[in-house]
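>>> coords please:
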Amino acid sequence: MRIPDEQMDLFAKRLEAIGVGRREFLKVVGAMAAFGGLGFATTAQAAKPSKPGPNEKLAKEQAFRFGGGGWFQNDPASHDFNKDLYCSGVPALFAGLMVFNADFVSVPWMASKVEGNKDGSVWTFTIRKDSRWSDNSPVSARDFEWSWKRQLDPASAAPYASFLYDIKNGEAYNKKQITDASQVGVRAKDDWTLEVTLEGPRGYFPVLSAYLAALPGHRASIEKHGDKWTEAANIVCNGPFVLETWEHNKVMVLRKNKHFFGAKDIALEKATIPIVPVQSGALPYENNELDISPLQPGDLRRMRDDPRTKAQVFRYPFPGTWYLIPQVTKPPFDNVKVRRAVGHAIDRENVVKVADGFAIPAHSMIPTGFPGAVDDKKIRDIQRFDPKAAMAMLKGTPYEGGRNWPRITLTMREEGLGSKPLAEAVQAVLLEHLNMKTELEVLEQRVFRAGLWKNDYQFVWIRWFMDYPDPHNEYFDTFYGKKTEGRRQAWVNDAFDKELEAGRDTRDAKKRMVNYAKAEEIMQTDGGYIPVAWVARWCAAKPTVRGLEKNKLGETVVEGNIYVDMLPHVYMVEKA
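This is a model prediction of the structure:
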């Protein structure tokens, strides 16, 4: 099977989301030639054992402590990603058909190979026969069929069930339009062959198969223990680690899964994850209670300037985008000229300065270097920073000259990592360049989400973290106007939707990227959203931590919302 070009473009856009420049991106594109432009590999890759270098000596105790800085700041609701993507559990407990490597390429994991038919509407995964659950029973194709149908089952009330709507009749089953699960297009042809029939050509489906929402659940444990099946005493998992203990709101301890097919290549025997409130910052790390920890802005400044810790600090890829939603059903944003004026009034270079390295200026939804990223001057100019153009846009509106603004509330969710300072910087530039005064409303996560789905808010400051490296994720999953649930905005544009449908329904990568570029142009021209900043993240690791993977750009990659393969590669060395 020839690997289609579309998936290479997907990977390109993914790198874009972490601020990778054009030159570096081209290097990655060249390096990815071995994958034929796919964004996923079709056959399993050889494992990379966690082996020490020539001047390294393995520590006698292979124990690793990670957390803090936003990692596991709250006790997980469960570890059941199959039912609840938002459970905040430990991904290392499970293994999917595919997994994202350090270059965000989807590669076979529980599958030994993946094959697609000519148009990409049917994908067949061959399950590796040496895969095992932690109780030593085989992981079979039937486990994935059952798990994916469980997620689509309306009785599960899975909040991210729409992730699997590409599967034939997946949406119909989830919405009770059909009740026979056998009509859903995923079936185990035998123990080792999973056939997935989709609603149409979906060249990106093997990329989706590496995401957390595609992880399996253990049927016997679920049927026996219900929602308590992921408690330490009950859980049966198939990932590289098992859950040894879980003291709720205190600590989780993982042990290497001796039944995992790649266990011999994993050095770590134990991983400890304390539940650390984000308010603790880097203190647990600096007190030597953790071996690795993400950093908050204040800690980054201090540790980056301290000669004792400077060498321990590094930036890692975490693709995401900060943007504004001007609600088109609420004045003054029901006027496209006002929405366009806001786009021209955002001084992105100055706004991101308040983030101190945690954000970089954005001109589109997908960050530079990732599949689907656009670098077209015509599109960049639509919402370029231009105060004169901003004011000119208001001519002929009730707000000409920056006057007569109604009361405007900018609503955001409560979160860290520079979110509020960025929002306040946006407020400042709107006041300066449009005389638009806004009141900032910060809501608790659940309250914010409930109002967001109802399109209740007048003006929204929000971010989107990439789920999987394909523009389908950034555009279709967020802005598609025909979605009946989970829409963040009231804005709808038929021409935009048609481009998304065209990009979805072909396996031709080059055509897909043209569709998504047109979609971006339409959305910016109509003021459906205003991109402001791409996300950046920072971390610190002790000198004794080794094995953290680097991508082809030389960036160190750690656990995030896409890459979840850190623990199998880590090993500890003795102190120098």
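>>> Ile430: which element?
I think there's a mix-up here, since residue 430 is Leu and not Ile. helix 419-434 (DSSP states H and E).
>>> Can you give me the buried ones in that helix?
Ser419, Lys420, Pro421, Leu422, Ala423, Ala425, Val426, Gln427, Val429, Leu430, His433, Leu434 (16 or more other C-beta atoms under 10 Å). To be clear about C-beta, it is placed using only N, CA and C from the backbone, and glycine gets the same treatment.
>>> Packing partners of that helix?
strand 320-326, helix 336-345, helix 348-351, helix 387-393, strand 408-413, strand 438-443, strand 459-465, strand 530-535 (3 or more C-beta pairs under 8 Å, 6 or more residues apart in numbering; DSSP states H and E).
>>> tell me the angle that helix makes with strand 438-443.
With axes from the mean of the first three to the mean of the last three C-alpha atoms, to 10 degrees as the basis, helix 419-434 and strand 438-443 are set at 160 degrees to each other.
>>> Extract the C-alpha trace of helix 419-434 and format it as PDB.
This file holds the C-alpha atoms of helix 419-434, laid out as PDB (Å, rounded to 0.1, in the frame of the first residue of the first chain):
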ATOM      1  CA  SER A 419      -4.000  32.100  30.900                       C
ATOM      2  CA  LYS A 420      -5.200  35.100  32.800                       C
ATOM      3  CA  PRO A 421      -2.200  37.400  32.100                       C
ATOM      4  CA  LEU A 422      -2.700  36.600  28.400                       C
ATOM      5  CA  ALA A 423      -6.400  37.500  28.600                       C
ATOM      6  CA  GLU A 424      -5.600  40.700  30.400                       C
ATOM      7  CA  ALA A 425      -3.000  41.600  27.700                       C
ATOM      8  CA  VAL A 426      -5.800  41.000  25.100                       C
ATOM      9  CA  GLN A 427      -8.000  43.400  27.100                       C
ATOM     10  CA  ALA A 428      -5.300  46.000  27.100                       C
ATOM     11  CA  VAL A 429      -4.700  46.000  23.300                       C
ATOM     12  CA  LEU A 430      -8.500  46.100  22.600                       C
ATOM     13  CA  LEU A 431      -8.800  49.100  24.900                       C
ATOM     14  CA  GLU A 432      -5.800  50.800  23.300                       C
ATOM     15  CA  HIS A 433      -6.600  50.200  19.700                       C
ATOM     16  CA  LEU A 434     -10.400  50.000  19.600                       C
END
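>>> ok now that helix, how far from the chain's centre?
26 Å (C-alpha atoms, centre = their mean, to the nearest Å).
>>> do stretch 401-421 as well
Worked out by C-alpha atoms, centre = their mean, stretch 401-421 lies 25 Å from the chain centre.
>>> do stretch 348-367 as well
Using C-alpha atoms, centre = their mean, the offset of stretch 348-367 from its chain centre is 18 Å.
>>> Quick check: mean pLDDT of that stretch?
Mean pLDDT, computed over stretch 348-367, is 93.
>>> Give me the spatial nearest neighbour of the residue of the chain positioned farthest from its centre, chain neighbours excluded.
For the chain, the residue at maximal distance from the C-alpha centroid (C-alpha atoms, centre = their mean) is Gly396, at 41.3 Å. Leaving out its chain neighbours, the residue that sits closest to Gly396 by C-beta to C-beta, 6 or more residues apart in numbering is Lys337, at 7.3 Å.
>>> count of residues packed around that neighbour?
If you count neighbours by other C-beta atoms under 10 Å, Lys337 ends up with 17.
>>> list the contacts for it?
The neighbourhood of Lys337, defined by C-beta atoms under 8 Å, 6 or more residues apart in numbering, consists of Met393, Leu394, Gly396, Thr397.
>>> Next, give me the two most distant ones among those residues.
Met393 and Gly396 (9.3 Å; C-beta to C-beta).
>>> JSON lines for the helices and strands packed on helix 419-434, including distance to Lys113?
Formatted as JSON lines, the helices and strands packed on helix 419-434 follow (distance: least, C-beta to C-beta, whole Å):
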{"stretch": "strand 320-326", "distance to Lys113": "32"}
{"stretch": "helix 336-345", "distance to Lys113": "46"}
{"stretch": "helix 348-351", "distance to Lys113": "44"}
{"stretch": "helix 387-393", "distance to Lys113": "53"}
{"stretch": "strand 408-413", "distance to Lys113": "41"}
{"stretch": "strand 438-443", "distance to Lys113": "46"}
{"stretch": "strand 459-465", "distance to Lys113": "30"}
{"stretch": "strand 530-535", "distance to Lys113": "34"}
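>>> Determine which stretch of those is the most buried.
strand 530-535 (a mean of 26; mean count of other C-beta atoms under 10 Å).
>>> what about that one, distance to the chain center?
That offset, for strand 530-535, works out to 15 Å (C-alpha atoms, centre = their mean).
>>> where's the residue nearest to Gly396 relative to Pro398, distance?
As judged by C-beta to C-beta, to the nearest Å, Lys337 and Pro398 stand 10 Å apart.
>>> What segments of the stretch 101-250 of the chain are helices?
With DSSP state H, counting those that start in this stretch, the ranges of helices along the stretch 101-250 of the chain come out as 141-152, 170-174, 205-208, 219-225.
>>> most tightly surrounded among those?
helix 205-208 (a mean of 26).
>>> Mind giving me the packing neighbours of that one?
Using 3+ C-beta pairs under 8 Å, 6+ apart as the test, helix 205-208 ends up in contact with strand 111-116.
>>> any weak-confidence spans in the protein?
Applying pLDDT under 70 to the chain picks out residues 1-39, 46-49, 369, 576.
>>> Tell me the span between the first and last residue of stretch 198-207.
14 Å (C-alpha to C-alpha, to the nearest Å).
>>> Contacts for it, please.
With C-beta under 8 Å, 6+ apart, stretch 198-207 has contacts from 4, 6-7, 10, 39-40, 42, 98, 106, 114, 116, 119-123, 165-168, 170-171, 185, 196, 468-470, 472, 504-509, 512.
>>> go on, stretch 128-142?
Contacts for stretch 128-142 (C-beta under 8 Å, 6+ apart): 44, 95, 108, 110-112, 125, 127, 188-194, 216, 218, 235-238, 242, 257, 259-261.
>>> For it, output the C-alpha coordinates as CSV.
The C-alpha trace of stretch 128-142 is given here as CSV (Å, rounded to 0.1, in the frame of the first residue of the first chain):
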residue,chain,number,x,y,z
ARG,A,128,0.2,-8.8,17.8
LYS,A,129,-0.1,-12.3,19.3
ASP,A,130,2.3,-11.7,22.2
SER,A,131,0.2,-8.9,23.7
ARG,A,132,-1.2,-9.6,27.2
TRP,A,133,-3.4,-8.1,29.8
SER,A,134,-1.8,-7.8,33.2
ASP,A,135,-3.7,-11.0,34.3
ASN,A,136,-1.8,-12.7,31.5
SER,A,137,-4.8,-13.2,29.3
PRO,A,138,-4.3,-12.3,25.6
VAL,A,139,-5.3,-8.9,24.2
SER,A,140,-7.4,-9.7,21.2
ALA,A,141,-9.3,-7.8,18.4
ARG,A,142,-12.5,-8.6,20.3
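>>> what comes up buried for it?
For stretch 128-142, by 16+ other C-beta under 10 Å, it's Arg128, Ser131, Arg132, Trp133, Ser134, Pro138, Val139, Ser140, Ala141, Arg142.
>>> Take these and lay them out in CSV including distance to Pro52.
As requested, these are exported to CSV (distance: C-beta to C-beta, whole Å):
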residue, distance to Pro52
Arg128, 28
Ser131, 28
Arg132, 27
Trp133, 31
Ser134, 27
Pro138, 33
Val139, 30
Ser140, 36
Ala141, 37
Arg142, 40
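>>> quick check, nearest of those to Glu520?
Taking these together and measuring to Glu520 by C-beta to C-beta, the closest member is Ala141, at 38.1 Å.
>>> Now the terminal residues of stretch 94-112, how far apart.
Span of stretch 94-112 from end to end, C-alpha to C-alpha: 16 Å.
>>> likewise stretch 94-104?
18 Å.
>>> Stretch 287-307 now?
First residue to last in stretch 287-307 (C-alpha to C-alpha) measures 17 Å.
>>> Can you tell me what sits against that stretch?
Contacts for stretch 287-307 (C-beta under 8 Å, 6+ apart): 64-71, 274, 276, 278, 281-282, 284-286, 309-310, 312-313, 355-358, 416-418, 421, 537-542, 544-545, 558, 572.
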